[in-house]
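Asker: Dropping a prediction and its sequence here:
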Amino acid sequence: MKLLVRLLAGRWARLVLVGLLAAALQSTVATDLRPFGVAAQPALLVAVAIGVARGPADGLLGGLVVGLVADLAFGDVVGLGAVGLGIAGAIAGMLLLPLRDPPWWTRIVAMAAASAAGEAIHPVLKTLVGLDGWVHPRVATVAVIVAGLHLAVAPMALVVGRWASSTAAEGSG
């Protein structure tokens, strides 16, 4: 038990663990519950939660790690999802930069906005690497729906994002 606690005290281990959990949720629950025909994106939600909780640099790093775990879990083009989630995490952190001490609701709105951006970025990245047929008008609709779905669970995701990206100096609890 002490070994497990020590392992989870490391930031990298927590990011990978949360990435695995997000990938598991994305491949099970999110695929079964599809409001308006659109699945929520838990890995994207975690990436933007880290960005909102810790800022653009940690959002980028957290998104890269969580995205890489998701890429490996889904057998997608390895690194493509990581780049997309890293960009989304950084966007989430940048949205709050102008605010000195943002209230809780602005963090939630920033997570929804960054989720929409992250959902729209992924098809563009796929097109840039030569995978055709991903950019079409439905992308905007899907981005808005994903943002709405993420809005509903953003407060819980923010807690997870803070925990996953906390440093040893901040403690693991």
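Answerer: That came through fine.
Asker: Which elements pack onto the longest helix along the chain?
Answerer: As assigned by DSSP state H, the longest helix anywhere in the chain is helix 138-165. Applying 3 or more Cβ pairs under 8 Å, 6 or more residues apart in numbering; DSSP states H and E, one finds that helix 138-165 makes contact with helix 11-27, helix 42-54, helix 56-74, helix 104-128. Every C-beta, even on glycine, is put in place using the N, C-alpha and C of the backbone.
Asker: Now do the buried residues in that helix.
Answerer: Taking 16 or more other Cβ atoms under 10 Å as the neighbour-count basis, helix 138-165 is seen to contain the buried residues 139, 142-151, 153-154, 157-158, 160-161, 163-165.
Asker: Then stretch 108-124?
Answerer: Buried residues in stretch 108-124, counted by 16+ other Cβ under 10 Å: 108-123.
Asker: Go through those residues and name the one nearest Ala47.
Answerer: The shortest distance between Ala47 and any of those, using Cβ to Cβ, involves Gly118 and amounts to 6.9 Å.
Asker: does that closest one really touch Ala47, like I thought?
Answerer: Yes - under the criterion of Cβ atoms under 8 Å, Gly118 makes contact with Ala47 at 6.9 Å.
Asker: Skipping adjacent residues, who's closest to Arg14 in space?
Answerer: Ala164 (4.6 Å; Cβ to Cβ, 6 or more residues apart in numbering).
Asker: swap that for Leu151, sorry
Answerer: Ranked by Cβ to Cβ, 6+ apart and with sequence neighbours excluded, the top spatial neighbour of Leu151 is Ala112, at 4.4 Å.
Asker: do you know how far that neighbour is from Leu96?
Answerer: Between Ala112 and Leu96 the distance, using Cβ to Cβ, to the nearest Å, works out to 13 Å.
Asker: What of Gly51?
Answerer: From Gly51 across to Leu96, the span is 8 Å (Cβ to Cβ).
Asker: Check Ala73 too.
Answerer: Between Ala73 and Leu96 the computed distance is 29 Å (Cβ to Cβ).
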